[in-house]
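# Need coordinates for the following:
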Amino acid sequence: MTWMWAAVAYLCGSIPFGLLIAKAATGSDVRAAGSGNIGATNVARVAGKPAAIATLILDALKGLVPVLIAARMPEAPPMLAPGCAIAAVIGHCFPVWLGFRGGKGVATGLGVALALAPLAAAAGAATWLALYKAFRISSVGSLAGAAVALVVAIATADRYAVYGLVGVALIIVLRHQANIRRLLARQGG
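Reported below is the predicted structural model:
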């Protein structure tokens, strides 16, 4: 049962909303412009703020919905929802439909965090917003938001939710390696 749920969560996560929204808004492929990423930040560059907001919401929902459903399954093993959370973020980052080349997992990570540890999700989102407003570098807010969400989850959520959010945070950090190198070289994120 767990593998079936993880596969469904992966497929939900792999829906390329950013690509579809940017294509509908501009007729162009978001992967051919900006960072080449399908996430909300690059959609904002390519298709504007309304398209980016729609991408953010739908990318969060594709993580939230399968995790909420898994969490409410009768007699579900305790790692089912956290496993689905990790699978949904992997689906966003490595979608089968796009040759396993997707986004960085931040918005989908927000969605799964809302399902697993709502206070942690709120803290992470507030951190992203504050740092993005201060520095105008999305990766700074994303990485700090993931770290803050994890710390808050450790203090407020059950251990299984924390396990899932550790996996999600690791994926987000790995997907931001190039940004981290640029930030460390003081080139901006």
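
# pLDDT weak spots in the chain?
Residues of the chain meeting the criterion pLDDT under 70: 187-189.

# how close does the residue of the chain most remote from its centre sit to M1?
Relative to the mean C-alpha coordinate of the chain, counting by CA atoms, centre = their mean, the farthest residue is E75 (27.3 Å). Using CB to CB, to the nearest Å, E75 is found at 9 Å from M1. All C-beta atoms are positioned from the backbone trio N, CA, C, and that covers glycine.

# Ok, F17 next?
27 Å.

# now swap in L80 and tell me
The value you get for L80 to M1, if CB to CB is used, is 8 Å.

# what's in contact with the longest helix along the chain?
In the chain, with assignment by DSSP state H, the single longest helix is helix 49-71. For helix 49-71, contacts defined as CB atoms under 8 Å, 6 or more residues apart in numbering pick out 5, 8-9, 12-13, 15, 17-18, 21-22, 25-26, 39-41, 43-44, 76, 80-81, 83-85, 87-89, 91-92, 103, 107-112, 114-116.

# And those, which of them are buried?
5, 8-9, 12-13, 15, 17-18, 21-22, 25, 39-41, 43-44, 76, 80-81, 83-85, 87-89, 91-92, 103, 107-112, 114-116 (16 or more other CB atoms under 10 Å).

# Show me the residues you listed that map onto strands.
In strands, judged by DSSP state E, none of the buried ones among the contacts of helix 49-71 are found.

# Go ahead and produce CSV holding the CA coordinates of stretch 32-43.
Only the C-alpha atoms of stretch 32-43 are listed here, as CSV (Å, rounded to 0.1, in the frame of the first residue of the first chain):
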residue,chain,number,x,y,z
ALA,A,32,13.7,28.1,-22.4
ALA,A,33,14.0,31.4,-20.4
GLY,A,34,15.4,32.7,-17.2
SER,A,35,16.8,29.9,-15.0
GLY,A,36,15.0,27.2,-17.1
ASN,A,37,13.2,26.1,-14.0
ILE,A,38,9.4,25.3,-14.0
GLY,A,39,8.8,26.8,-10.5
ALA,A,40,7.0,30.0,-9.5
THR,A,41,10.1,32.2,-9.4
ASN,A,42,11.0,31.5,-13.0
VAL,A,43,7.4,31.7,-14.1
